[in-house]
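>>> Below are the sequence and a predicted model; questions follow.
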Amino acid sequence: MENYSIFKLMKHSLSYHENWKRVWRSVVPKKNYDVIVVGGGGHGLATAYYLAKTHGIKNVAVIEKGFLGGGNTARNTTIIRSNYLWDEAAQLYELSLKLWEGLSKELNYNVMFSQRGVLNLGHTLQDMRDIERRVNANRLNGIDGHVVSPKEIKKIAPLINISQDIRYPILGASWQPRGGTARHDAVAWGYARAADALGVDIIQHTPVTALNCENGKVKGVETKYGSIGADRVACVVAGNSGVLASMAGFKLPIESRPLQALVSEPVKPCLNTVVMSNAVHGYVSQSNKGDLVIGAGVDSYNGYGQRGSFCIIEHTLQAICELFPSFSRVQMNRQWGGVVDTTPDACPIIGLTPVENLYFNCGWGTGGFKATPGSGYVFADTVANGTPHTLAKPFSIERFYSGALIDEHGAAGVAH
Ligand code: FAD
Ligand code: PYC
């Protein structure tokens, strides 16, 4: 690692930051690759990293239409947890959580993973029954989880309102202590630097405009550099998955929707955990800079604009002020939106497609940031071996034909 002494920092400031060593190479693409990964978000970069690191497939390009992490990766509220209901989902997200626990060391890059715990609040008797069921299911899967009372919640998050006289009184919560947050763009940069060091070419500002297919097989992609050939193409393009699938001539059961987030002005440390509520519908944590990081559910219409409508912001802040009345005095600084790829069962689609050698990893919707390392790991294995990784198998597109859906709407934490 470069030694960032005070003198080096001063030297860089005097040269107007012109001569920093690049963290990854800027390359002109080769004519052919073993694998092209379309999409340079966290999932695509993680896929490229594990292809090179775990499977020794290093003749790989990541082709990104904008800049790395400029999609949902750096637009999300960074909540990480693995407390999903069904075995298939719980095991996949738990693999991811375990990888998060060693990720800064693995990448030699501080992704600022902070296990400050996640509370999912219950406001009705039925909420509490669902929470108990989910916590029991989690524990059977070896995942940490507890049902906590309003008093215990107050100890974890002292500013929360546990009065029983409000519209949605807090009756309890699920508490996953190993959950938390991470620094989102650091995840993209950490994977990018590590993949680049292993020989992966990272090509930014290059939209893939067509998937070149012949006799039911993918042969490469079309870009501003012309055709680039590949033995295998792996698409990890989140909200644009439907667009890429249509380039290959098939349809995915995906709807693309805006999802918004907001951050407040920075305030002194006041919330040392993550709080989510599906009933009042909002979630909040505090970043290391002090801003409150806030979000809620998807906008109700389909779209590809990275923005959302005002009524959602209003509703979200109403929910947060209901949970934390003192936050009503905090000013909001910024708001933005991402385009999330939602499926009918709130679970991802990972695996092979009707086109030979073409793979898709999508449908993570509102909840894929937490899955970044695990998703990259199982997808790289699937692409390397041409057959789904054991944990990815239940998430193949066939489930929409067979009916073996994995309904995680209850644990998705965000309505869509
Ligand atoms: P992206 O980062 O979107 O990467 C896909 C990339 O593909 C993009 O960079 C895009 O530019 C590129 N691309 C698209 N089309 C093309 C093309 N034709 N050619 C080349 N490149 C292309 N998840 C959580 O777990 N916890 C949260 O707290 C959370 N909060 C969220 C809050 C918001 C506001 C949003 C929008 C999402 C949130 N999510 C959360 C969801 C999470 O952000 C996503 O599921 C996850 O980041 C998806 O990662 P990705 O790498 O697949 O997608
Ligand atoms: O999946 O935990 C989640 C989440 C929180 C905010 C958006 N998604």
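Arrived safely, thanks for sending. Ligands and ions are numbered 1, 2, ... in the order given.
>>> okay, CA-based contacts and neighbour counts for the rest of this
Noted.
>>> Residue 339 should be in a strand, yeah?
Yes: remark: residue 339 belongs to a strand, assigned using DSSP: H, G, I helix; E, B strand; the rest coil.
>>> for ligand 2, what are the nearby residues on the protein?
For the chain, the residues in contact with ligand 2 (CA under 6 Å from any ligand atom) are 77, 79, 366-367, 412-414.
>>> so what's residue 27 up against?
Residue 27 sits next to 201-203 when contact means CA atoms under 8 Å, 6 or more residues apart in numbering.
>>> hang on, the earlier thing: which of the residues of the chain next to ligand 2 scores worst on pLDDT?
Taken together, the residues of the chain next to ligand 2 show their lowest pLDDT at residue 413, with 78.
>>> which non-adjacent residue is nearest it?
residue 278 (6.2 Å; CA to CA, 6 or more residues apart in numbering).
>>> I figured that neighbour hits residue 119, correct?
No: Residue 278 lies out of contact with residue 119 (CA atoms under 8 Å); the separation is 11.2 Å.
>>> The nearest residue to residue 255 once chain neighbours are set aside: neighbouring residues, count only.
Distances taken as CA to CA, 6+ apart put residue 342 closest to residue 255, at 5.2 Å, once the chain neighbours are dropped. Around residue 342 there are 24 other residues, counting by other CA atoms under 10 Å.
>>> Please apply the same query to residue 15.
If we define neighbours as other CA under 10 Å, then residue 15 has 11 of them.
>>> one step back: in strands only, show me the contacts of residue 27.
In strands, defined here by DSSP state E, the members of the contacts of residue 27 are 201-203.
>>> Lowest-scoring secondary structure element of the chain by mean pLDDT?
Least confident element among the helices and strands of the chain, by mean pLDDT, DSSP states H and E: helix 6-14 (a mean of 78).
>>> Pull out the CA atoms of that one and give them to me as PDB.
This file holds the C-alpha atoms of helix 6-14, laid out as PDB (Å, rounded to 0.1, in the frame of the first residue of the first chain):
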ATOM      1  CA  ILE A   6       1.700  14.200   5.500                       C
ATOM      2  CA  PHE A   7       4.500  15.200   3.100                       C
ATOM      3  CA  LYS A   8       3.000  13.200   0.300                       C
ATOM      4  CA  LEU A   9      -0.400  14.800   1.000                       C
ATOM      5  CA  MET A  10       1.200  18.200   0.900                       C
ATOM      6  CA  LYS A  11       3.000  17.400  -2.300                       C
ATOM      7  CA  HIS A  12      -0.300  16.300  -3.900                       C
ATOM      8  CA  SER A  13      -2.000  19.500  -2.800                       C
ATOM      9  CA  LEU A  14       0.800  21.700  -4.200                       C
END
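>>> Give me the contact list for that helix.
By CA under 8 Å, 6+ apart, helix 6-14 touches 18-20.
>>> Make a markdown table from those residues and add neighbour count and secondary structure to it.
Converted to a markdown table, those look like this (neighbours: other CA atoms under 10 Å; DSSP: H, G, I helix; E, B strand; the rest coil):
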| residue | neighbour count | secondary structure |
| --- | --- | --- |
| 18 | 9 | coil |
| 19 | 10 | coil |
| 20 | 11 | coil |
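>>> Please tabulate those in JSON lines, including the columns pLDDT and distance to residue 58.
Formatted as JSON lines, the contacts of helix 6-14 follow (pLDDT from 0 to 100; distance: CA to CA, whole Å):
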{"residue": "18", "pLDDT": "77", "distance to residue 58": "30"}
{"residue": "19", "pLDDT": "77", "distance to residue 58": "28"}
{"residue": "20", "pLDDT": "80", "distance to residue 58": "26"}
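>>> Tell me the one of the residues you listed nearest residue 141?
Ranked by distance to residue 141 (CA to CA), the contacts of helix 6-14 are led by residue 20 at 46.1 Å.
>>> Could you check how far the closest one is from ligand 1?
24 Å (CA to the nearest ligand atom, to the nearest Å).
>>> Return the residues in contact with that residue.
Residue 20 makes contact with residue 12 under the criterion CA under 8 Å, 6+ apart.
>>> tell me the secondary structure for residue 270?
Applying three-state DSSP: residue 270 is coil.
>>> start the count at 20, not 1, going forward
New numbering, starting at 20: the last item is residue 289.
>>> For it, grab the count of nearby residues.
With other CA under 10 Å as criterion, residue 289 counts 13.
>>> For the residue sitting nearest the centre point of the chain, which residues are in contact?
When CA atoms, centre = their mean is applied to the chain, the residue found nearest the centroid is residue 388 (1.6 Å). Applying CA under 8 Å, 6+ apart to residue 388 gives the contacts 61, 92, 95, 97-99, 203.
>>> same thing with residue 241?
Listed by CA under 8 Å, 6+ apart, the contact set of residue 241 reads 227-231, 247.
>>> any idea how far it lies from residue 208?
From residue 241 across to residue 208, the span is 25 Å (CA to CA, to the nearest Å).
>>> Check residue 324 too.
Distance from residue 324 to residue 208, by CA to CA: 24 Å.
>>> These two: who's more crowded?
Using other CA under 10 Å, the more surrounded residue of residue 324 and residue 208 is residue 208, with 22 against 12.
>>> Burial check on the closest residue to residue 419 other than its chain neighbours, number of neighbours?
With CA to CA, 6+ apart as the criterion, residue 419 has its nearest non-adjacent residue at 8.0 Å, and that residue is residue 272. Residue neighbour count, defined by other CA under 10 Å, stands at 14 for residue 272.
>>> Looks to me like residue 272 is in a strand.
No: when three-state DSSP is applied, residue 272 is found to be coil, with no strand at that position.
>>> Specify the beta-bridge partners of residue 381.
Judged by DSSP bridges, the bridge partners of residue 381 are residue 368.
>>> you'd agree it is up against residue 367?
Yes: using CA under 8 Å, residue 381 is in contact with residue 367, at 5.6 Å.
>>> I'd assumed residue 250 was in contact with residue 240.
No: counting by CA under 8 Å, residue 250 is not a contact partner of residue 240; they are 10.8 Å apart.
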